[in-house]
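Asker: Provide a 3D model corresponding to the input given below.
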Amino acid sequence: MDSARFRDRDDAGAQLASRLAGMNLADPVVLALPRGGVPVARPIAKALDAPLDLLLVRKIGVPSQPELAAAAIVDGEHPEIVFNRDVMSLVGLSDDAIDDLAQPELWELERRRRVYLKDRKPVPVEGRTAIVVDDGIATGTTVRAALAALRRRNPASLVLAVPVAPDETVAALRPLVDDLVCLSIPRDFYAISPFYEEFHQLTDAEVTRMLEPA
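Answerer: Numbering: from 1, shown residues only. As a prediction, the model looks like this:
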């Protein structure tokens, strides 16, 4: 598939919404990965007449190497920890140690939900079509954790919808979902931003404003 350019995240969301609207998805709920996934998800939620919620994810890094993810914690009705067993074994971290390391990240998830959604409770996904949306995917590490945790919440169907992602990432994520919609799967991929004409870093205030009508 050839590379596509999007005017901005709203344009990408409108194009995804057009594709998803033709899929006859039953009882959908749209879950955006903030910050960039929110403006992409808004037109999708509107087109599908679906509730819009956030899917908040925090990496749990190895204490001596914070950039190395030993696990991730994902927000929801009941927050879920997704373990990276290979890394845990490599550095000698137990489940109890991960639980301890997860606590400050859980507090940060709760803080972000208060900032963005004013303490609104997560939308239940059990028995519904859960549509996970971001503005693009590079390696897919965060999305992989989010999908694994979301699957445990027993949606009837799990859909991943993104404007752009590299071929190898799409191939790795496809088995984790029931449907995957990616508008552009370029052969040469270095970053998400070149596929957008306008791609600024969103602020917390912008995200909060976007979520108020939803």
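
Asker: Grab the most central residue of this structure for me.
Answerer: Within the chain, one residue has its C-alpha closest to the average C-alpha position: by CA atoms, centre = their mean, that is Leu33, at 3.6 Å.

Asker: wait, what's in contact with it?
Answerer: Leu54, Leu55, Val57, Val132, Val133, Asp134, Thr142, Val143, Ala146 (CB atoms under 8 Å, 6 or more residues apart in numbering). In this view, the C-beta of every residue, glycine as well, is placed from N, C-alpha and C.

Asker: Phi, psi for the second one please.
Answerer: When you say that, I think you mean Leu55. phi -120, psi 100 (degrees, to the nearest 10).

Asker: Give me the local confidence score for it.
Answerer: Looking at Leu55, its pLDDT reads 92.

Asker: How about the last one?
Answerer: Among the per-residue scores, Ala146 holds a pLDDT of 88.

Asker: which SS class is it?
Answerer: Three-state call for Ala146 (DSSP: H, G, I helix; E, B strand; the rest coil): helix.

Asker: name the helices or strands packed onto the lengthiest helix in the chain?
Answerer: Criterion DSSP state H: the longest helix present in the chain is helix 95-117. Helix 95-117 sits against strand 52-54, strand 57-62, strand 65-74, strand 80-83, helix 204-211, with contacts defined as 3 or more CB pairs under 8 Å, 6 or more residues apart in numbering; DSSP states H and E.

Asker: Out of these, indicate the one that is most buried.
Answerer: Mean neighbours per residue, mean count of other CB atoms under 10 Å, is largest over the helices and strands packed on helix 95-117 for strand 52-54, with a mean of 25.

Asker: Nearest residue to Thr169 in space, please, no chain neighbours.
Answerer: Counting by CB to CB, 6 or more residues apart in numbering, Thr169 lies nearest to Gly140, which is 4.4 Å off, once chain neighbours are set aside.

Asker: isn't the one you found right next to Ala171, touching?
Answerer: No: if you go by CB atoms under 8 Å, Gly140 and Ala171 don't touch, sitting 10.0 Å apart.

Asker: who's more crowded, the two?
Answerer: Gly140 (22 against 13; other CB atoms under 10 Å).

Asker: how close does that one sit to Ala32?
Answerer: As judged by CB to CB, to the nearest Å, Gly140 and Ala32 stand 16 Å apart.

Asker: do Leu56 as well
Answerer: Taking CB to CB, one finds Leu56 at 10 Å from Ala32.
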